[in-house]
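**Q** From the sequence below, what's the structure:
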Amino acid sequence: MSSNECGSGDDQYLIRVSDKIPTLEECTLFVSHPSCGAISSFSGITRNNFDGKTVVKLSYEGYVPMAEKELRKICDEARTKYPSIFRIAAVHILGDCPVESASVILCASSPHRRDAMHCVEFCIDELKGRVPVWKREVYMEKDGNAVWKENVEWSEGKQKRVMTKEKESER
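**A** Purely as a prediction, here's the structure:
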């Protein structure tokens, strides 16, 4: 993991955008520290359905150097916004991600729970809106082939920082 660890102290972040990402357990171990009483995590898992269609897998493409650079910026911003954060792990898969597998994992540690929880929420929202990784949803043959998905954090080519509900007319 050391080749992808970075940050102000070279041990504050685990950042990886790759076809093989660390597990939730490995990310949790990375952020763990005796001074921290809280570890918060988020795992984005491929579900088996969307809008009545059977999902077989998600397939991700991305520009790795830019994606990892943007993740690093997001981690820096999170540590500025939540100064008690000790370590952050931010990893995203590229390639195929079958049902029930994690495509993105975020973990943060801090002495107390609030900053860790808010940090992870901030990081996933920013990741979805800023990191150049694109998702293709692949369906069972009877439901059609596949669809490239736009994150709800983006609308009409403009970045949005808050989640928005899908309109009935967009379904």
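**Q** Can you tell me the closest non-neighbouring residue to the residue of the chain positioned farthest from its centre?
**A** In the chain, the residue that sits farthest from the middle, by CA atoms, centre = their mean, is Lys142; the gap is 29.9 Å. Nearest residue to Lys142 in three dimensions, chain neighbours excluded: Thr54, at 7.6 Å (CB to CB, 6 or more residues apart in numbering). Backbone N, C-alpha and C define where each C-beta goes, glycine included.
**Q** Enumerate every residue touching that neighbour.
**A** Thr54 is in contact with 48, 139-140, 142-143, counting by CB atoms under 8 Å, 6 or more residues apart in numbering.
**Q** So which bits of the particular helix or strand that has it in it are buried?
**A** Assigned by DSSP states H and E, Thr54 belongs to strand 53-62. For strand 53-62, burial by neighbour count (16 or more other CB atoms under 10 Å) applies to 55-60, 62.
**Q** Next, format those as JSON lines and append distance to Asp96 and pLDDT.
**A** Below are the buried residues of strand 53-62 laid out as JSON lines (distance: CB to CB, whole Å; pLDDT from 0 to 100):
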{"residue": "Val55", "distance to Asp96": "12", "pLDDT": "95"}
{"residue": "Val56", "distance to Asp96": "9", "pLDDT": "95"}
{"residue": "Lys57", "distance to Asp96": "5", "pLDDT": "96"}
{"residue": "Leu58", "distance to Asp96": "7", "pLDDT": "97"}
{"residue": "Ser59", "distance to Asp96": "5", "pLDDT": "97"}
{"residue": "Tyr60", "distance to Asp96": "8", "pLDDT": "97"}
{"residue": "Gly62", "distance to Asp96": "13", "pLDDT": "95"}
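**Q** Turn those residues into TSV, columns for distance to Ser103.
**A** Listed next are these as TSV, based on distance: CB to CB, whole Å:
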residue	distance to Ser103
Val55	12
Val56	14
Lys57	10
Leu58	6
Ser59	10
Tyr60	6
Gly62	11
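**Q** pretty sure Ser35 is in contact with Phe86, am I right?
**A** Yes: judged on CB atoms under 8 Å, Ser35 makes contact with Phe86 at a distance of 6.6 Å.
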